[in-house]
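> Would you be able to build a 3D model of this:
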Amino acid sequence: MVHASESEKAQRYIQQLDDARCASRWQDIPELCRKVEKHAPHRKCLTHTARSEAQIAAYSTQRPSTAASTASHGLSQIIPSLLTTIEGEGDSSQDAFQANVCLGWLHYVLDEPGLAVARLPRDIGSVATRFSQEGVSLSGWSRVCVVKGAYLKGSAQEKTGAMADAVTTYSSVIPWLTSALPAAESVQSKVWTENLLVRLCQLSDQSTGTGRHVSSVDALRSYRYWAKYSDATAKSGGSDASSAARHRRLAWKAYYDTLSHILRHSLPYEPEQSSSTSEKPPLHTQASLRLRQRAELKRVETVYEALLIKETQFPKASQTNHEIEAWVDSVMDNWRLLCGPTWSDTDLGEGGKEGVARSVLDILYRAATKTFHSTQILRNLFTVHASLAEFDLAFKAYESYVEIVTRGKDRMEKSGESLEGIDSDSTVLRTSAEAIRILCRFGSRQEAEKALGIGHNIERWLEQFEHIRSASDAGSIVSAETVVEPTALATAYCAMGISEAHWARYTYEVEQRSVLQAKAIQHLRRALAPNLNYPNNIEALYALALVLAETRDIPGAIKAVKRALSPVSANSATISTDGVLSPGPTSEFGRERKLIPLWHLLALLLTSRSDFAAAEKACEAAFEQFGDPVTLFGDEESNAYRSEHLNENAASDVPVRGVVDCMEGFEKSGILQIKMTQLMLMETVEGSVAAVDGCDELLALYHRLFGDPAQQKKIQDLSSTANLPPKSAVGTIRGSIFRGRGSVKTPQKESSARNSSVLSSQASTAAAPSGAAPAIQVTEEDGTTHTNGHRHHLFHHNKHEDNHTSIGRSPSKLQKRSSASLRRQSLPEADQTPEVPPLPENVANGALTSNVQRKSTETGEQPLGRIPHNMDHISPPLDHDTQPPKQDVRLPSPLPPADYVPPDPRFSKIQERRQKVSLLIDIWLFISALYSRAQMLQDAREAVAEAMKLVETFEKEVSQESSTARTLAEKGWGGGKSVEKLWADAFAARGELLVAQERQHQARNDFERALLHFPDHPAGIVGLASILLDIYSEVIPLEPGHRTEFSTPSPSPASITEQNGNESTKTRHLASHTPSVENQLSPPLLNRLAARDRAFGLLSTLTKLGSGWDYSEAWYALARAYEESGQIDKTKEVLWWCVELEDTHPIRAWKNVGLGGFVL
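Got it, this is the predicted structure:
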């Protein structure tokens, strides 16, 4: 403060004294005070305060010593004089304010926090505001005292336990600081401002107990000012104190933890306002809010990580960097949420969830440079790499993890000392269980074998746990349940059972299959033991029921499924993004989504007992558990019933998404599989023609779930040149599977050859126009035919007239039939207990608001959109003016969400395409089989052609990635089939269709081609073997076109006996034939014998494989081969096995329950 009576020299010395105090030049204070007293004797308060501050600063910097008590006694002598000076000056001047702050500092240094609080001003922020309002220019030291006084008072309040008051005191000066951020601050200003802001940031941490004293909005304001202050003072450097860098880092950590806490607990988030105050604050949508929230979190994450990596030293082998590991845990928790179901790619900005995962990978690799053999980081690397479908790198991390853990356990067993930094036994078991889950769900044979090896490792570890525990207890026998967490042990037993059951499907050793299945059942039952606190684990119950079904224990399987479907299992623990490693957020209708395969499995189990009415109810219950149809499918299809005017007005409205829009690909395929089972049930109960009439709904449902594959291919082609999401900076090998398509293309010659081969067997039939859909011809009783116009297209969807006389179906294709009609078909016992467990009592039909929705509910129809197709657009045929199709899904109101459904890995574009195309091809072949059994052969042929067209297109896409034979023969990770397997399916289906047309020789060519693409194809082997046995038994001629043996006149009764004798002699001769030079068999007889032997070899191999050991058609064909060879005893044995298989055979194969095998 400058007085008018002060001379220029006095003003200069006063300014020099102020500068010295701000610059911490305490050694210059006495001389400057002397000069000020000489030229401005009336400023006694100023000089006395400055000398006192110099003494306090000298005392604060000295270390504890024997002279400490003497020095503190000297400081206490300053108090009376300071009080006298303050009383003489008054409270209105800056000098008095500085003296009060000095007195508070003195009490604080003397460890008298109560007196410090009493001496300092009540509201320091208001004091600074008052000086500014009076137009008084604050000196540099007065500005320092404002911040210094707030920090000293707040810190003293903390020492007295008044945390809420401390936070209020710290926050009181933030508005004053925010009003004017100086370009260059003095040393003392930086020290005290930084101390105050750092402490305020730490106390405002919403993830700690002190955070309850501050709202999340106020905390963010403080953190943002700290970020601005840190940026402004970064060039000039911060405080020189030794611990200042650590405190700054902890402030950024508190900032990050608060943002993480807001994110994880869905607390109110207020974005930072722009600097322009003239504009009104914009209205933020949820998407824009989330974009800004993610950007702020990423910015703070980058700053804190840089400080942490810079200031952390590499530890010794016996040490652990706990702050690094805590940081990694926090990053992983945020990743689980951001990449979970509650956030979408659009919420995360550029790169989406894949970009988030890759940034997490970078953080993990950088954190690994500051840790020594961290099992935590290796475990998280395994998790994140697996989420990106980089399974090779994921399992390299897992193998390193297991190696380090194993060595650490061995050292601990030898030394008897616990090792720091090694994961607990429970975590190791959960991580290994997650590895098994990934291998079995997304892998093939090689991965199944690897999963079995991990299961053996888990079994060995459990034995070691029991051994270590028993040895430490002086010989007392204690099981592993007392060493490991019970739930972790249950998870481990479940994973072991899944690995064994999964390998039983692949093993070539017939004797081992039953042993593996028995061990799988044993381990799964042990996982459900009550003492492991997980008796209603849905995953274990599902796997157990499926294994029991495959071993033909139908009652046991039904019991396990009912237990999983019961309300008791609703309290199961949630599962996170990485499967079983840590708790995660719950998914919407998570439990109901998990129960869909269980309802399907129950339906198949009931069909094995010929209880088709109950099976139909089980299929319907899979959808009824979601409640209102809008809940499951959304309301985006309801616009089809609106006028154009209403649609224009509602164009800006965001359609309500259904549960299916949140489902993963495996879940969506499960819904389609249930629909296919419903069609099979309809065929069994009402006939093939009725089932064919529901195929258009199956295609409509595929389009609702997966969209249009042809349009997706166009989008994929357009986006192939676009920028890919940001890759990890740590090496480029991890991103190789995400590269764009290469320039390798299939030659046009090969493509045309494939086209000619696809249509080769249809040369004798009239080709349909290229744009026309397959027409269905129904033969009447008088032999005449007429066309029904069944046109099942994915692009252009048409329907029959509701009152068509030839079909006689109601408008709803899969509407609920009456229970009475189904009971007449299945004929269960009158006193039989219901096989389908009831839905929970709180599930009731939801009320629909619109008339259209109400009508759909009453009639059992769910509207679906117009369906695109991979053919050119054509006009709808006659009597097909009902658009769009309607779907029968009458559902009650929703249940509350229960479990978390872990998302599938982010597969490459070609793998996602493989999953969708493979499923669509299976649907077309399924439709073709329905057509064939309904004697609609022309339409069946067109459906097979659709499938082949899809295979050919997909083969070209795969060839653009890589044109090697291995690429075409392997399906890779994830669902779907290889190109060769798809060709085999298509050719086998066309062969079966040709057999139905009695064109066996052309069918043989297709079966041969199927085996050429996939040698172990079950349907192809059975179809070819049946034709070869027909050739051997002379049911069909050896070569096509020779049919003289079928046109010979009927023999006279007198010659029948002689002919039968010759045939029996010839049969015995062929059956006992052994190759020899002396044999004089004619070439036709040798060819027939070779056909029989080849059929026997193919069938014998197939029945030993996992794909054919329970395939009753293959065993029946093998029995025929034994019979043709004269081995009657073998024939009887195989036929009895066929009877046993058929007695428990479901309407569809068990593998159709889920793409993930035994993993739910």
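> any chance you could map the helices in the stretch 501-650 of the chain?
Remark: helices assigned in the stretch 501-650 of the chain by DSSP state H, counting those that start in this stretch are 510-527, 538-550, 554-565, 590-607, 612-624, 629-633, 644-649.
> Quick one: closest of those helices to Phe907.
Nearest to Phe907 among the helices of the stretch 501-650 of the chain is helix 590-607 (19.6 Å), distances taken as CB to CB. Backbone N, C-alpha and C define where each C-beta goes, glycine included.
> Quick check: buried residues in the closest one?
590-607 (16 or more other CB atoms under 10 Å).
> Count the residues that sit near Thr487.
17 (other CB atoms under 10 Å).
> Can you verify it is assigned to a helix?
Yes: under DSSP: H, G, I helix; E, B strand; the rest coil, Thr487 sits within a helix.
> wait, it sits on Leu532?
Yes: with contact defined as CB atoms under 8 Å, Thr487 and Leu532 form a contacting pair (6.8 Å).
> what's the burial count for Leu138?
Leu138 has 16 neighbouring residues, counting by other CB under 10 Å.
> Of all the helices of the stretch 501-650 of the chain, which one comes closest to Phe954?
helix 590-607 (26.2 Å).
> and the closest one, what other elements does it pack with?
helix 538-550, helix 554-565, helix 612-624, helix 665-686 (3 or more CB pairs under 8 Å, 6 or more residues apart in numbering; DSSP states H and E).
> could the helices of the stretch 501-650 of the chain go into CSV alongside mean pLDDT?
As requested, the helices of the stretch 501-650 of the chain are arranged in CSV below (pLDDT from 0 to 100):
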stretch, mean pLDDT
helix 510-527, 94
helix 538-550, 95
helix 554-565, 95
helix 590-607, 93
helix 612-624, 94
helix 629-633, 84
helix 644-649, 50
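> Out of those helices, which is closest to Ile921?
That would be helix 590-607 among the helices of the stretch 501-650 of the chain, by CB to CB, at 20.5 Å.
> Where do the strands of this protein begin and end?
All strands of the chain, identified by DSSP state E, fall at 777-779, 785-787, 862-863, 886-887.
> As TSV, the helices of the stretch 501-650 of the chain with distance to Ser344 would be great.
Formatted as TSV, these follow (distance: least, CB to CB, whole Å):
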stretch	distance to Ser344
helix 510-527	35
helix 538-550	26
helix 554-565	30
helix 590-607	17
helix 612-624	25
helix 629-633	19
helix 644-649	25
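> Which one, of those helices, ends up nearest to Val836?
Closest among the helices of the stretch 501-650 of the chain, using CB to CB: helix 612-624, at 4.5 Å.
> residues touching the residue lying closest to Arg366 once chain neighbours are set aside, list them.
Computed as CB to CB, 6 or more residues apart in numbering, the closest residue to Arg366 that is not its neighbour in sequence is Ile309, at 5.9 Å. Contacts for Ile309 (CB atoms under 8 Å, 6 or more residues apart in numbering) come out as 366-367, 369-370.
> For PyMOL, what selects the buried ones among those?
Only the buried entries of the contacts of Ile309 go into this PyMOL selection, using 16+ other CB under 10 Å:
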select buried, resi 366+367+370
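> Give me the nearest residue to Tyr304, chain neighbours excluded.
Tyr304 sits nearest to Trp252 (CB to CB, 6+ apart), 4.1 Å away.
> Please disregard the earlier target; I meant Gly1154.
Pro597 (4.5 Å).
> Which helix in the chain has the most residues?
Secondary structure of the chain per DSSP state H: the longest helix is helix 445-472.
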